[in-house]
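Engineer: Have a look; sequence and predicted model below, questions after that.
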Amino acid sequence: METRELRYFVAVAEELHFGRAAQRLGMAQPPLSRAIAGLERRLGAVLLERSSRGVTLTGAGAVLLREARAALDAVEAAERRTRRAALAGTGRPAVVLAAKAGASGELLAKLLGAYAAEPGAVTVDVVLCGPGEQTRLLHDGRADVALLHRPFDDTAGFDTESLYSEGQVAVLPAGHPLGARPHVRLAEVTDLPDLPLPRWPRPDGTFPDGPGPQVRDQTQLTQLIALGRACAIVPESARTGLREDLTAVPVADAPEVTTVIAWPPHSRSTAVAGLVRAATAL
């Protein structure tokens, strides 16, 4: 299969409409239909069911959609990383590190300082992300290495080294009665009717159902907590630099959060190896 065919198939499978897919691809519909039919013949499988009611994916089509997306992501990642490698000697960023905004701030500063002291260190471009975005940046090649947090981030398919583990705290408006306690339990925080937990976007941009406010970044979240519209359960290290109008109390039965440094298993980048080495030595 060619990447062109995979792009054609993904467009039709996502649009479930040959006309819209052709428009998205900037081509006429007849050659698109012929290309998909040819792909089905070569694979010996029906990928799409066509009827008067529209287009639907078959079981085989669903498998190919998943695999095609992964293959196209891998191709794009290879292109991005190759371009960055070619720029290594130009003074432009040669390695990209993704980290969640508002998390691991102290670790990140120490890591960058330790790596800068290594022989042959290159410029590091730090990309601060929303929750879960680091994994996507690693997959598609926009990042070479990332700081991830188990059990929240999916580390499947990456090489990882664990750096440290910590408990979690509930962040509440200053003066809230629970803030005066030595610790609280998860149920006490999740059951607060006036301070619902926030709803973060899924990878497709939609939000889960629930009473909590929709948030996209840490700045929004801290403002909502300070206004008495939400609360949050976050790693203990988030206490560093906490605003005066917020308070944090340990959550006794919350699972520990383990921060790991992650990178693609096929990476041969000496800069990535240096960052990993610096991180594990801290």
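Structural biologist: Yep, it's here. Keep in mind the model is a prediction, meaning the values are calculated, not measured.
Engineer: Which parts of the stretch 1-150 of the chain are helices?
Structural biologist: 3-15, 18-25, 29-43, 59-86, 105-116, 133-140 (DSSP state H, counting those that start in this stretch).
Engineer: low-confidence ranges in the stretch 51-200 of the chain?
Structural biologist: For the stretch 51-200 of the chain, the stretches with pLDDT under 70 are 80-81, 83-93.
Engineer: Name the nearest residue to the spatially most central residue of the chain, sequence neighbours excluded.
Structural biologist: By CA atoms, centre = their mean, the chain has its centre lying nearest to Glu133, at 2.2 Å. Closest residue to Glu133 apart from its sequence neighbours, by CB to CB, 6 or more residues apart in numbering: Ala98 at 7.3 Å. Where you see a C-beta, it was placed from the backbone N, CA and C, and this is true even at glycine.
Engineer: I figured the one you found was touching Gly132, is that so?
Structural biologist: No. Using CB atoms under 8 Å, Ala98 is not in contact with Gly132, being 10.9 Å away.
Engineer: Neighbour count: the two, which is higher?
Structural biologist: Between Ala98 and Gly132, counted using other CB atoms under 10 Å, the more crowded position is Ala98 (23 against 17).
Engineer: do you know how far that one is from Gln168?
Structural biologist: 22 Å (CB to CB, to the nearest Å).
Engineer: now swap in Ala103 and tell me
Structural biologist: Plainly put, Ala103 is 12 Å away from Gln168 if you go by CB to CB.
Engineer: Where do the strands of the chain begin and end?
Structural biologist: Counting by DSSP state E, the chain has these strands, from start to end: 48-51, 54-57, 95-100, 124-129, 145-150, 159-166, 168-173, 232-235, 246-250, 257-263.
Engineer: what residues are up against the nearest residue in space to Pro196 that is not next to it in sequence?
Structural biologist: Leaving aside its sequence neighbours, Pro196 sits nearest to Gly212 (CB to CB, 6+ apart; 3.8 Å). By CB atoms under 8 Å, 6 or more residues apart in numbering, Gly212 lies in contact with 196-199, 230.
Engineer: Who wins on neighbours among these?
Structural biologist: Using other CB under 10 Å as the neighbour criterion, Ala230 leads the contacts of Gly212 with 26 neighbours.
Engineer: what's the distance between that one and Thr160?
Structural biologist: On the measure of CB to CB, Ala230 and Thr160 end up 31 Å apart.
Engineer: ok, now Ser269?
Structural biologist: Ser269 is 16 Å from Thr160, by CB to CB.
Engineer: more crowded one of the two?
Structural biologist: Shown here are Ser269 and Thr160; by other CB under 10 Å, Ser269 has more neighbours (20 against 17).
Engineer: what's the burial count for the closest residue in space to that one that isn't next to it in sequence?
Structural biologist: Using CB to CB, 6+ apart and skipping residues adjacent in sequence, the residue nearest Ser269 is Asp144, 6.0 Å away. By other CB under 10 Å, 27 other residues sit near Asp144.
Engineer: Assess the claim that Asp144 and Trp263 are in contact.
Structural biologist: Yes. Using CB under 8 Å, Asp144 is in contact with Trp263, at 6.6 Å.
Engineer: Can you check which residues contact both of the two?
Structural biologist: With CB under 8 Å, 6+ apart, Asp144 and Trp263 have common neighbours 138, 272.
Engineer: roughly how far apart are the nearest residue to Leu137 once chain neighbours are set aside and Pro264?
Structural biologist: Spatial nearest neighbour of Leu137, excluding adjacent residues (CB to CB, 6+ apart): Ala143 at 3.8 Å. Ala143 is 10 Å from Pro264, where distance means CB to CB.
Engineer: can you check Leu128 too?
Structural biologist: 20 Å.
Engineer: Who has more neighbours out of the two?
Structural biologist: Pro264 (21 against 17).
Engineer: ok, back up a step: will you turn the contacts of Gly212 into TSV that also has distance to Arg66?
Structural biologist: Output for those, formatted as TSV (distance: CB to CB, whole Å):
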residue	distance to Arg66
Pro196	34
Leu197	30
Pro198	30
Arg199	26
Ala230	35
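Engineer: and of the residues you listed, the nearest to Ala37?
Structural biologist: Among these, Arg199 lies closest to Ala37 (CB to CB), at 42.3 Å.
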